[in-house]
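J.: sequence and predicted model, in that order:
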Amino acid sequence: MTAPYRVFVTRVLPGSGFAELRDDPAFDLDVWPDDFPPPREALLERVDGVDGLICLITDRIDAAVLDAAGSQLKVVSQMAVGVDNVDVAACAARGIPVGNTPGVLTETTADIAWALILASARRIVEAAEYVKAGEWNTWAPTQMAGADVFGATLGVIGFGAIGQAVARRAQGFGMRVLCWNRTPRPDAAAALSAEERSLDAVLAESDFVSVNVALTDDTRGLINADAFERMRPGAILINTARGPIVDEEALVTALRDGQIGGAGLDVTAVEPLSMDSPLLTMKNVVVLPHIGSASMATRSKMADMAVANLRAGLSGQPLPNSVPTPASG
């Protein structure tokens, strides 16, 4: 009888695919049981000798992890779209395919972007806390007055699937939509009645700026002090992509100095955000704990896709969703 595939999974996953994997005698699963990710030392120890790895964005999968696993490692399957935590080049150099979970979380993440737009513009969190604190004593003309969303201008930075989904929702609010993408997408912009503009123009003309680009060397710190200086006074920044795309120190300065009007963040430069962060003291900032894809249906589908990538990689088949190999040279 063939020995079962040894697989390390860095967290208990939802979905039927994971349940079936656990019950399948062809797989010997080692599952990290805690909500917190395995510490570095534990990760290096638990991957030793595995044939496959299912990981999350909280796990740094680099050359040291791949070396600790050994030459028999056949596949790295990430339960996320972004793979900035995985050294894809190091995997490619060892002939190890990397899988991810694109597409399935597009609409769910766009929903969160819009939740942040509305919550930030209309001061929803601040107003709810105001009521809970017993401060609601009367109705006043300017009490908790915020910014209008209907008829405003939305700037979308990164016009991939999620950026387009964010723009599509703006149509129901009668918004003018501006967009910028590193590679122009005129057909997508035209289909959504969006105007392709330069990054500077999007920043300068938008009432709301939604960040939807992937984190790469080119986009790290893309929204920096210069970017905030270009934004309209009172504009609101929304980030549901990756925290390091925004220079957090520059964001704090822009908020304190009134360069911009507020921010809605589902992601931060370091996660979880330190309780000492000045962002948590600002009433015009809404911070969420990276829940962009956090509906049970979406997370279960993501887990099922990660399992499907794992199974394909272990059997030597093409992954249903494989991360492209970085160009050499």
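T.: Sure, I can see it.

J.: could you export the longest helix belonging to the chain as CSV, CA atoms only?
T.: In the chain, with assignment by DSSP state H, the single longest helix is helix 296-314. Output in CSV follows, covering the C-alpha atoms of helix 296-314 (Å, rounded to 0.1, in the frame of the first residue of the first chain):
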residue,chain,number,x,y,z
MET,A,296,-18.6,31.9,6.0
ALA,A,297,-19.6,31.1,2.4
THR,A,298,-16.5,32.8,0.9
ARG,A,299,-14.0,31.5,3.4
SER,A,300,-15.4,28.0,2.9
LYS,A,301,-15.0,28.3,-0.8
MET,A,302,-11.4,29.6,-0.4
ALA,A,303,-10.6,26.6,1.8
ASP,A,304,-12.1,24.3,-0.8
MET,A,305,-9.9,25.9,-3.5
ALA,A,306,-6.8,25.6,-1.4
VAL,A,307,-7.6,21.9,-0.8
ALA,A,308,-8.1,21.4,-4.6
ASN,A,309,-4.8,23.0,-5.3
LEU,A,310,-3.1,20.8,-2.8
ARG,A,311,-4.6,17.6,-4.2
ALA,A,312,-3.6,18.5,-7.7
GLY,A,313,-0.1,19.4,-6.8
LEU,A,314,0.4,16.1,-4.8
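
J.: buried stuff in it?
T.: Residues of helix 296-314 classed as buried: 298-314 (neighbour count, 16 or more other C-beta atoms under 10 Å). To be clear about C-beta, it is placed using only N, CA and C from the backbone, and glycine gets the same treatment.

J.: show residues contacting that helix.
T.: The contact list for helix 296-314, computed with C-beta atoms under 8 Å, 6 or more residues apart in numbering, reads 5, 7, 13-18, 20-21, 51-52, 54, 74-75, 77-80, 97, 99-101, 104-105, 108, 293, 318-322.

J.: buried among these? Need that as a selection in ChimeraX.
T.: Per 16+ other C-beta under 10 Å, the buried members of the contacts of helix 296-314 correspond to this ChimeraX selection:
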select :5,7,13,14,15,17,18,21,51,52,54,74,75,77,78,79,80,97,99,100,101,104,105,108,293,319,321,322
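
J.: inside strands: which ones of the contacts of helix 296-314?
T.: Judged by DSSP state E, strands contain the following of the contacts of helix 296-314: 5, 7, 52, 54, 75, 77, 78, 99.

J.: can you pick out the most distant pair from those residues?
T.: Farthest pair in the ones in strands among the contacts of helix 296-314 (C-beta to C-beta) is 5 and 78. Separation: 17.8 Å.

J.: please enumerate the helices of the protein.
T.: Using DSSP H, helices in the chain cover 16-23, 40-46, 63-69, 88-93, 106-121, 124-132, 161-170, 186-191, 199-205, 225-230, 248-256, 296-314.

J.: average pLDDT for the longest one?
T.: So the one you mean is helix 296-314. Here helix 296-314 scores 97 as its mean pLDDT.

J.: quick one, what contacts the nearest residue to residue 103 once chain neighbours are set aside?
T.: Leaving out its chain neighbours, the residue that sits closest to residue 103 by C-beta to C-beta, 6 or more residues apart in numbering is residue 161, at 6.7 Å. By C-beta under 8 Å, 6+ apart, the contact list for residue 161 reads 102, 103, 106.

J.: are any of those residues buried, and which?
T.: Among these, those buried by neighbour count (16+ other C-beta under 10 Å) are 102, 106.

J.: residue nearest the centroid of this protein?
T.: Nearest residue to the geometric centre of the chain (C-alpha atoms, centre = their mean): residue 241, 4.0 Å.

J.: pLDDT score assigned to the residue lying closest to that residue once chain neighbours are set aside?
T.: Leaving aside its sequence neighbours, residue 241 sits nearest to residue 211 (C-beta to C-beta, 6+ apart; 5.0 Å). Looking at residue 211, its pLDDT reads 98.

J.: then residue 111?
T.: Looking at residue 111, the pLDDT reads 98.

J.: ok, residue 248 next?
T.: For residue 248, the pLDDT comes out at 98.

J.: repeat for residue 328
T.: Value for residue 328, per-residue pLDDT: 50.

J.: same question, residue 1
T.: Model confidence at residue 1, given as pLDDT, is 54.

J.: next one: residue 173
T.: The predicted structure lists residue 173 with a pLDDT of 98.
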